[in-house]
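Engineer: dropping the sequence and predicted coords here.
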Amino acid sequence: MSQHLPVQTHLSPVTTKISQLVVTHGSGSWVYTESGEKYLDFTSGIGVTNTGHSHPKVVAAIQEQATKMLHGQVNVFYTRVLIDLAEELRTIVPEHIDSFFFANSGAEATEAAVKLAKQVTKRPNIIVFQGSFHGRTHLTMGMTTSKTIYRIGYQPLPAGIFVAPFPHALRYGWDEETTIQYCIKELKHLLKSQTAPAETAAIILEPEQGEGGYVPTPPAFMKALREICDEHGILLVMDEVQTGFGRTGKWFAQDHYNVRPDVMIMAKGIASGVPMSCIAASSEMMAKWIPGSHGGTYGGNPLAAASAIATIRAMRDEHMIENAAERGAQLTTGLKALQATFPRIVEVRGFGLMVGMEFRDENGTPDAATVTALQKGCLEKKLLLLSCGTYGNVIRFIPPLVVTEEEIRNGLKIIHDVLSQIFYKN
Ligand SMILES: Cc1ncc(COP(=O)(O)O)c(C=O)c1O
């Protein structure tokens, strides 16, 4: 029961926690506590430790780089390791994307993408989607509509951000086609009624919404977005912060669609946990970004760059992306089987190892209570799970891409046992 006792620290309580565990180290899919317990980690630092905790090849690359240089300021000189990282990234992004700018967090990269889009198009506004999560700085808070908790007490937020509906059929209670057509119509209406195309720099989208509930974008909607952007000279920006680096069973979630992004935003899994983020676009587009008009002290840090190179190589050499697809299929099949036993599970969805399981009660009302009870019960059985969704009624599964068949099986068994306890008290 130690995980429920509040830990007394001098750390700010603004950071909420799903457990009171004090962890000393991690390895692969597991974390180890000060009190000698071992937990199966299906949270991966919210989609960061895709190569598993402290992957030996990543650790070795960081150690080697640490002996050479810890900080190489990008305005002062080039570092070989960062040039090499850009080359490595080139091999995993679409052909037309060949220029990279590095920062430190997802929010920082999102801000950079918006600044790039504004200068390239010379337009002031952007469009995001209902349920989006793009970060917690003031601009990205304004772009985040997944939950009011991220805005509370901070409003008013920056202007020039417009919110369009996102086509999640379950939320509207309609069929998929009706929902997609409605959302396309509303987006076009937004461009007529609130932000004219001539004033709209970019449409920014998470290919699979993360914090908003692990909801993949329907392919027909993605296609329509590309067409609308092309018609009006609006940039299509993919926020791949959570969906990137193998998470969805492909390098990027956009690879599940036959749609070309103008700008990509990456972070989280890029460097296995060393803070790093990146935006990527064509060199023609990057050439329109006024030199000196954006930057940062730490962006492109050599330790993070070495870690990112090792991350990409380890993923490729150890077939982690293939494993994400296979283990994701195993997880989804297992969760769908649970759905047959527990009718409060109304939807299991997502690409690869980015899977959401949504709960509603018998009246169809979002059921956050079951999600909280499931998280708590799993914690007691030493399985770490996160929730998401505007109503907190979705369990999100983000195991590391190195997760084994047995670990997924064990995780599913724990979830089955806890749900049985909750609903059948046995
Ligand atoms: C899709 C997406 N974009 C942006 C962010 C912000 O990233 P960070 O927390 O590194 O600022 C997140 C974080 O969860 C995210 O999931």
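Structural biologist: Yep, it's here. Residues are numbered from 1 along each chain as shown.

Engineer: identify the residues contacting Ile161.
Structural biologist: For Ile161, the contacting residues are 125-128, 139, 142-143, by Cβ atoms under 8 Å, 6 or more residues apart in numbering. Glycine gets a C-beta too; all of them are placed from N, C-alpha and C.

Engineer: please redo it, this time with the cut-off set to 7 Å
Structural biologist: Neighbouring residues of Ile161 by Cβ atoms under 7 Å, 6 or more residues apart in numbering: 126, 128, 142-143.

Engineer: quick one: which of the residues you listed is most hemmed in?
Structural biologist: For the contacts of Ile161, the largest number of neighbours (other Cβ atoms under 10 Å) sits with Val128, at 27 neighbours.

Engineer: can you show me the strands along the stretch 201-350 of the chain?
Structural biologist: Assigned by DSSP state E, counting those that start in this stretch, the strands in the stretch 201-350 of the chain fall at 208-209, 215-216, 235-239, 263-266, 277-281, 345-349.

Engineer: format those as a markdown table; extra columns: mean pLDDT.
Structural biologist: Shown next, in a markdown table, are these (pLDDT from 0 to 100):
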| stretch | mean pLDDT |
| --- | --- |
| strand 208-209 | 98 |
| strand 215-216 | 98 |
| strand 235-239 | 99 |
| strand 263-266 | 98 |
| strand 277-281 | 98 |
| strand 345-349 | 98 |
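
Engineer: ok so, going back, in helices, which of the contacts of Ile161 fall?
Structural biologist: Gly142 (DSSP state H).

Engineer: nearest to the ligand among the contacts of Ile161?
Structural biologist: Nearest to the ligand among the contacts of Ile161 is Met143, at 8.9 Å by Cβ to the nearest ligand atom.

Engineer: ok, and the closest non-adjacent residue to the closest one?
Structural biologist: Taking Cβ to Cβ, 6 or more residues apart in numbering, and ignoring the residues beside it in sequence, Met143 has His134 as its nearest neighbour in space, at 4.2 Å.

Engineer: still on that earlier bit, take the contacts of Ile161 and lay them out in CSV including distance to Tyr424 and pLDDT.
Structural biologist: CSV is the format used below for the contacts of Ile161 (distance: Cβ to Cβ, whole Å; pLDDT from 0 to 100):
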residue, distance to Tyr424, pLDDT
Ile126, 48, 98
Val128, 42, 98
Gly142, 45, 98
Met143, 43, 98
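
Engineer: okay, how far is it across stretch 229-246, tip to tip?
Structural biologist: End-to-end distance of stretch 229-246 (Cα to Cα, to the nearest Å): 27 Å.

Engineer: what residues sit buried inside it?
Structural biologist: 229, 234-246 (16 or more other Cβ atoms under 10 Å).

Engineer: near the ligand, list only the ones from those.
Structural biologist: Residues of these in contact with the ligand (Cβ under 6 Å from any ligand atom): 239, 241-242.

Engineer: which one of those is nearest to Pro6?
Structural biologist: The shortest approach to Pro6 among these belongs to Gln242, at 29.1 Å (Cβ to Cβ).

Engineer: that closest one reaches Gly269, doesn't it?
Structural biologist: No - taking contacts as Cβ atoms under 7 Å, Gln242 lies outside contact range of Gly269: 8.3 Å.

Engineer: what is in contact with the two at once?
Structural biologist: Residues touching both Gln242 and Gly269 (Cβ under 7 Å, 6+ apart): Gly47.

Engineer: quick revisit: as TSV, the ones next to the ligand among the buried residues of stretch 229-246 with distance to Asp262 would be great.
Structural biologist: As requested, those are exported to TSV (distance: Cβ to Cβ, whole Å):
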residue	distance to Asp262
Asp239	13
Val241	17
Gln242	20
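
Engineer: need the contact list for Gly328.
Structural biologist: Contacts for Gly328 were tallied using Cβ under 7 Å, 6+ apart; they are 249, 352-353, 355.

Engineer: so which bits of the stretch 51-200 of the chain are right by the ligand?
Structural biologist: Applying Cβ under 6 Å from any ligand atom, one finds that the stretch 51-200 of the chain approaches the ligand through 105-107, 110, 133-135.

Engineer: how close does the closest residue in space to Phe102 that isn't next to it in sequence sit to Ala280?
Structural biologist: Closest residue to Phe102 apart from its sequence neighbours, by Cβ to Cβ, 6+ apart: Gly300 at 3.8 Å. Going from Gly300 to Ala280 by Cβ to Cβ, to the nearest Å gives 13 Å.
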